[in-house]
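[1] Predicted coordinates and the sequence they were generated for:
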Amino acid sequence: MNAAALVVGPREGQGAILFELAHALGLMPVMQYRGVAEAERLAEHSPLTFFLFAEVDDVRRLAEPAQAIRFSAGRRVRFSPLIYFTAGPSMETLKACISMGFDDVIAGPLRPGQVGPRLQRQVETELVYYQTSTYFGPDRRSRLDDGEDDRERRGGGQFRRLEIVRHIATGVNVLRDIRHRPPPVASHDMVLI
């Protein structure tokens, strides 16, 4: 696979395993994530970059880098695949990753023959993304079965529904960009005579 990889996590431990895995999968270059500005510079030379997140003790600590990536001004960065790697995810971890806009959560063992097909699903496939004031990422509403209705999951206001396809050679193509606005609220201040 001819795409770049940025490893979000330490250079040792699981971060080192992700570096080795990325190299084994043919991702190039493979670099340490050092902020969204550096990711945007890399995107100028690499149409597609995978963000590989190493397991942390509290997945909510990843909210800041995930949000910086998802709300990046650079389209190639904003639509990049965010993948979280873990030994064994809890339901709480899965829901947190979904709400942060991750594309996939991959549980170990981390072997190229198993991880490669999962990463391949992120390219050459039509994907649906949603954008609200607080969320940008894949449509995963069906995975958050917690009694909320769709309006609540989208923030109840306006949102965008984007259909995209990622390509190794050209990056992200937006096929459709549909903006939804809530219907106007009726005024109860009117006096009828």
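    Arrived safely, thanks for sending. Note that the coordinates shown come from a computational prediction; the quantities given were computed from them, not determined experimentally.
[2] And the next helix or strand past the worst-scoring helix or strand of the chain on mean pLDDT?
    Taking mean pLDDT, DSSP states H and E as the measure, helix 150-153 is the helix or strand of the chain with the lowest mean score, a mean of 43. Next along the chain after helix 150-153, taking DSSP states H and E as the criterion, comes strand 159-167.
[3] Just the CA atoms of that next one, as PDB, please.
    Written as PDB, here are the backbone C-alpha positions of strand 159-167 (Å, rounded to 0.1, in the frame of the first residue of the first chain):
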ATOM      1  CA  PHE A 159     -25.100  19.200   9.800                       C
ATOM      2  CA  ARG A 160     -23.400  18.100   6.600                       C
ATOM      3  CA  ARG A 161     -23.500  14.600   5.100                       C
ATOM      4  CA  LEU A 162     -20.500  13.900   2.900                       C
ATOM      5  CA  GLU A 163     -19.900  10.900   0.700                       C
ATOM      6  CA  ILE A 164     -16.200  10.300   0.000                       C
ATOM      7  CA  VAL A 165     -13.800   7.900  -1.600                       C
ATOM      8  CA  ARG A 166     -10.100   7.800  -0.600                       C
ATOM      9  CA  HIS A 167      -7.600   6.900  -3.300                       C
END
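[4] any residues touching it, and which ones?
    Outside of strand 159-167, the residues that reach it under the criterion CB atoms under 8 Å, 6 or more residues apart in numbering are 47-48, 79, 81, 122-132, 139, 172-180. The C-beta positions use only the backbone N, C-alpha and C, and glycine is treated the same way.
[5] Name the residues of that strand that are buried.
    For strand 159-167, the neighbour count (16 or more other CB atoms under 10 Å) marks 159, 162, 164, 165, 166 as buried.
[6] What of stretch 89-98?
    Within stretch 89-98, the residues that qualify as buried are 89, 93, 94, 95, 96, 97, 98, counting by 16+ other CB under 10 Å.
[7] Give me the packing partners of the host helix or strand of the fourth one, helices and strands only.
    Assigned by DSSP H and E, residue 95 belongs to helix 91-100. Contact partners of helix 91-100 among helices and strands, from 3 or more CB pairs under 8 Å, 6 or more residues apart in numbering; DSSP states H and E: helix 63-70, strand 82-86, strand 104-107.
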